[in-house]
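1. need the 3D shape of this:
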Amino acid sequence: MMPAMTRRAMIAVPLICLAAVSLSRQPVAQVFPGHNTNAPVDYAADRIELQDKQDRVGLSGNVDVRQGELRLRAGRTVVNFTNAGSLQIQRITASGGVVVTRGDETATGDVGIYDFNQKIITMTGNATLKRGNGDTLRGGRFVIDLRSGVSSASGGRVTGTFSVPKKD
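-> Got it, this is the predicted structure:
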């Protein structure tokens, strides 16, 4: 029979390790799960400027970019692309009241970067994630992995609100 102190230590050590791992991670949330990152990208804006030698397009004024159910709105965007036989979008950098939505989920920030190669959206500056049911997460920076649907928050203190089911 094992002494009580040894049994407690065997239970406590894994729990302490689990707590340490949990505390060291950035807060995470499921955001935009199941997004089709291979869908075509449609855009609209008040003005467009093709900068062919720099392999980029500038869109300004009421910019509205859509990919499947994902929608990005901003005051201005720069779309970087490669032109090796066919146009391939590499990155969209948006600024000026950036809002990314899909269904009842919304991410906002001062700047948003959609990296098509990594399939990641990064929101910085007054970043907020909201779900239709009232759940809210706020921080300086969010990284949304469109492959896994997992988002991590960092950049100063992260705050939020979780909605609680109403009981009759």
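2. can you name the residues that contact Asp64?
-> By CB atoms under 8 Å, 6 or more residues apart in numbering, the contact set of Asp64 is 43-45, 71-73. Using the backbone N, CA and C atoms, a C-beta is placed for each residue, glycine as well.
3. Leu72 is in contact with Ile92, correct?
-> Yes - using CB atoms under 8 Å, Ile92 makes contact with Leu72 at a distance of 6.9 Å.
4. quick one: which of the contacts of Asp64 has the most company?
-> For the contacts of Asp64, the largest neighbour count, defined by other CB atoms under 10 Å, is 23 neighbours, found at Leu72.
5. bridge partners for that residue, pull those for me.
-> Judged by DSSP bridges, the bridge partners of Leu72 are Val65, Val100.
6. now the one 4 residues further on
-> When bridges are assigned using DSSP bridges, the partners listed for Arg76 are Ser60, Ser95.
7. burial measure for it, as a count.
-> As a burial measure, Arg76 scores 17 neighbours (other CB under 10 Å).
8. ok, Leu129 next?
-> As a burial measure, Leu129 scores 24 neighbours (other CB under 10 Å).
9. distance of it from Lys166?
-> 22 Å (CB to CB, to the nearest Å).
10. hang on, the earlier thing: mutual contacts of Ile92 and Leu72, please.
-> Shared contacts of Ile92 and Leu72 (CB under 8 Å, 6+ apart): 65, 112, 114.
11. in the chain, which spans are strands?
-> With DSSP state E as the criterion, the chain has strands at 28-30, 41-44, 47-51, 56-67, 70-83, 87-102, 105-115, 120-131, 136-145, 150-154, 159-161.
12. I am finished for the moment; much appreciated.
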